[in-house]
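> A structural model of the following input is requested.
(one chain, ligands or ions: 1)
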Amino acid sequence: MGAVAALILAGLLAALTYVLCALHSIVWVPYRLERRLRCQGIRGPPRSLLSGNAAEYVAMTKAAQSAPLASFHHAFIGRAAPQYREWAARYGRPFGWIPEISAITSSMLDEWEVQGETRAEFEIDVNKEFHTLSADVISCVAFGSSYEEGKRIFQLQDEQIQLVILAMRTFYFPGFRYVPTKKNRRRHSLNKEIRNSLRRLIDINRNKCEDSKNLLGLMLSASKADNEFKMGIEEIIDECKTFYFAGKETTANLLTWATLLLALHQEWQHKARDEVLQVCGKNEHPNAETLSSLKIVNMVLKETLRLYPPALFVNRTVTRDVKLGKLDIPAGTQLNLPIIDIHHDVDIWGANAEEFDPSRFADGKSYHLGAYFPFGIGPAICVGQNLAMVEAKLVLAMVLQRFAFDVSPSYVHAPMMVMTLQPQYGAQLLIRKI
Ligand code: HEM
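Take a look at the predicted model:
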């Protein structure tokens, strides 16, 4: 009897272990993985407890493979592996910020449409519009779901930048910043408020999804690392401020000059719109794939960055004596690399260097690495260049899909440098819905 009871007990234990293992792999593991991926903004189809997404996958494949393709072509993913296209369309692709940027752009363009409801043609200062848009994009990229609080911090930073610009325009006496003038006190209190708000935001986010895909989440993960990449909270605060400063003005100005140039050069506006309509259609938002097919829009943006580079120069400090060609440059020298001057040089770009000609950047044409560097050069090159180009392409394509535009008679051409290259009196365009 004792032996039988022991056998039954062993059987029960084995069965219990089996059930627990099964529950672990069928219920717990998918639940834990799903939760971690959702934290990072990755969505997917709802799954059933036991079979996951198998039923939907089988039905989708069966429907897609019920008939052969109509002709011998190579766009067969929708037949061989329909789930990639279907689920990507429904839930977005997991990486990149394209859905967020296109939602922000869409709401800006909806507002333009409202303005145009009663008039066939209306004026818009696109410089203002693009600055608001790129601030929204950076807030979203940096802070994800804490976007609204992030936006408020960045508004304070905008005020701080305006005060810095004022300070740069006046002669500076060493030590003057410690004199408690009204502006100095405001500078000081803004700095304190921004740092305190960021500290609060970091505290709130610290225990959420540290490894989510927004910038703050990534940096918070790094703050926990136990290696050389470990980041302190003050360092994270500095990085948040740098990203906003480095990414907002530059991208907004690229978009401003690109639309102004297309307004002035209608032939390129038509070519770029034809391409967008052909690749994306009239109503589809561009996605990662269609964006990479927009060759003309890319050429337009590259030529805009050549003629109107948002950053006019980059600086380097020489840290040890070096020989540059025939010159001996002593350590401590400040070198200024004049992006704008090199981009307009007739010896490099030919007699039409001062003209807008996107065909310079057509496929297959090359240029010297040192002749074109709107995003800087070398190890310090801009870390945001891919984001900037994706954002600019997406926004320009969506504008071209919905509106045609001309330079307004009220526009005055006055490029000036205020940290970045800006149109001094704004960029007024006459807009028509198409
Ligand atoms: C059209 C848009 C942009 C242009 C023209 C631009 C240009 C530049 C340039 C010229 C530099 C200096 C590189 C060097 O010294 O060699 C730079 C640095 C940098 N950029 Fe950009 N940038 C753009 C957009 C962005 C965006 C969207 C972000 C971030 C989201 C960003 C983040 C940065 C950062 C963090 C640095 C390094 C700053 C530092 O180390 O002090 N940039 N960028």
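
> any idea which residue sits dead centre in this protein?
Geometric centre of the chain, nearest residue: Leu387, 3.4 Å, by C-alpha atoms, centre = their mean.

> Tell me the spacing between it and Val141.
Separation of Leu387 from Val141 (C-beta to C-beta, to the nearest Å) stands at 7 Å. Placement of C-beta: from N, CA and C, glycine included.

> shared neighbours of these two, which are they?
Trp97, Gly247 (C-beta atoms under 8 Å, 6 or more residues apart in numbering).

> Could you export stretch 367-374 as CSV, CA atoms only?
The C-alpha trace of stretch 367-374 is given here as CSV (Å, rounded to 0.1, in the frame of the first residue of the first chain):
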residue,chain,number,x,y,z
TYR,A,367,31.0,65.1,-53.9
HIS,A,368,34.0,65.4,-51.6
LEU,A,369,33.3,64.6,-47.9
GLY,A,370,34.7,67.9,-46.8
ALA,A,371,32.6,69.9,-49.4
TYR,A,372,29.3,69.1,-47.8
PHE,A,373,28.7,68.6,-44.0
PRO,A,374,25.5,70.2,-42.8
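
> Check the secondary structure at the residue nearest to the centre of the chain for me.
Classification of Leu387 by DSSP: H, G, I helix; E, B strand; the rest coil places it in helix.

> What residues does it make contact with?
Contact analysis of Leu387 by C-beta under 8 Å, 6+ apart lists Trp97, Val141, Gly247.

> Relative to the ligand, how far out is the second one?
Same thing as Val141. Distance from Val141 to the ligand, counting by C-beta to the nearest ligand atom, to the nearest Å: 6 Å.

> Identify the residue spatially nearest to that residue, adjacent ones excluded.
Nearest non-adjacent residue to Val141, counting by C-beta to C-beta, 6 or more residues apart in numbering: Trp97, 5.6 Å away.

> hang on, the earlier thing: could the contacts of Leu387 go into JSON lines alongside neighbour count, distance to Glu56 and pLDDT?
Below are the contacts of Leu387 laid out as JSON lines (neighbours: other C-beta atoms under 10 Å; distance: C-beta to C-beta, whole Å; pLDDT from 0 to 100):
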{"residue": "Trp97", "neighbour count": "19", "distance to Glu56": "27", "pLDDT": "82"}
{"residue": "Val141", "neighbour count": "23", "distance to Glu56": "32", "pLDDT": "81"}
{"residue": "Gly247", "neighbour count": "22", "distance to Glu56": "39", "pLDDT": "84"}
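
> doesn't Met299 make contact with Ser359?
Yes: under the criterion of C-beta atoms under 8 Å, Ser359 makes contact with Met299 at 6.9 Å.

> Please say which of these two ends up with more neighbours.
Met299 (22 against 11; other C-beta atoms under 10 Å).

> give the contact list for the residue lying closest to the more buried one once chain neighbours are set aside.
Nearest non-adjacent residue to Met299, counting by C-beta to C-beta, 6+ apart: Pro358, 3.9 Å away. Pro358 sits next to Trp268, Ile296, Met299, Val300, Lys302, Glu303 when contact means C-beta under 8 Å, 6+ apart.
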